[in-house]
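Enquirer: With the input below, show me the fold.
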Amino acid sequence: MELLTMATNPAAQKFVGEMFEILTLVMIATGGGLGIWGIVGILDAQAVGDTAGQNKGIKQLVGGIGIALVGVVGVEALNELIGEMFN
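Expert: Presented below is the predicted three-dimensional model:
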């Protein structure tokens, strides 16, 4: 019953849209922060010649890029899917 109410309530639809915008922003910021942390780790490990530290930094950088991509692509796809459910 609640799903039908949300489908016909413009305020609820606006809230859900804003929620997805905020989720996208948070995921991009988290991925960007992790990516920057990875770059700093790579540079720090490179300065002392620590190959294990470089590997860890690369993993963090790639993980950050992945999180940001999920924030851009995945959240938008989820938003479209939920939008189709209510129309």
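
Enquirer: Every contact and neighbour count from this point should use C-alpha atoms.
Expert: OK.

Enquirer: next helix or strand past the longest helix anywhere in the chain?
Expert: Secondary structure of the chain read by DSSP state H shows that its longest helix is helix 10-48. For helix 10-48, the following helix or strand on the C-terminal side (DSSP states H and E) is helix 51-69.

Enquirer: How far away from the center of its chain is that following helix?
Expert: Distance, stretch centre to chain centre, for helix 51-69: 15 Å (Cα atoms, centre = their mean, to the nearest Å).

Enquirer: between that helix and helix 10-48, how big is the angle?
Expert: With axes from the mean of the first three to the mean of the last three Cα atoms, to 10 degrees as the basis, helix 51-69 and helix 10-48 are set at 160 degrees to each other.

Enquirer: Can you spell out which helices and strands pack onto the longest helix of the chain?
Expert: Judged by 3 or more Cα pairs under 8 Å, 6 or more residues apart in numbering; DSSP states H and E, the packing partners of helix 10-48 are helix 2-8, helix 51-69, helix 75-86.

Enquirer: Below-threshold pLDDT in this protein: ranges please.
Expert: Scanning the chain for pLDDT under 70 picks out 1-7, 86-87.

Enquirer: Skip the chain neighbours and tell me the closest residue to residue 46.
Expert: Leaving aside its sequence neighbours, residue 46 sits nearest to residue 54 (Cα to Cα, 6 or more residues apart in numbering; 6.5 Å).

Enquirer: who's in contact with the one you found?
Expert: Contacts for residue 54 (Cα atoms under 8 Å, 6 or more residues apart in numbering) come out as 41, 42, 43, 45, 46.

Enquirer: okay, now the nearest residue to residue 69 once chain neighbours are set aside: neighbour count?
Expert: Excluding its sequence neighbours, the residue lying closest to residue 69 (Cα to Cα, 6+ apart) is residue 28, at 7.6 Å. Applying other Cα atoms under 10 Å, we find 21 residues neighbouring residue 28.

Enquirer: Pick the one among the contacts of residue 54 closest to residue 24.
Expert: Distances from residue 24 to these, taken as Cα to Cα, are shortest for residue 41 (25.5 Å).

Enquirer: For the closest residue to the closest one other than its chain neighbours, give its distance to residue 49.
Expert: In this structure, residue 41 finds its nearest non-sequential neighbour in residue 57, 4.8 Å apart by Cα to Cα, 6+ apart. With distances taken as Cα to Cα, to the nearest Å, residue 57 is found 13 Å from residue 49.
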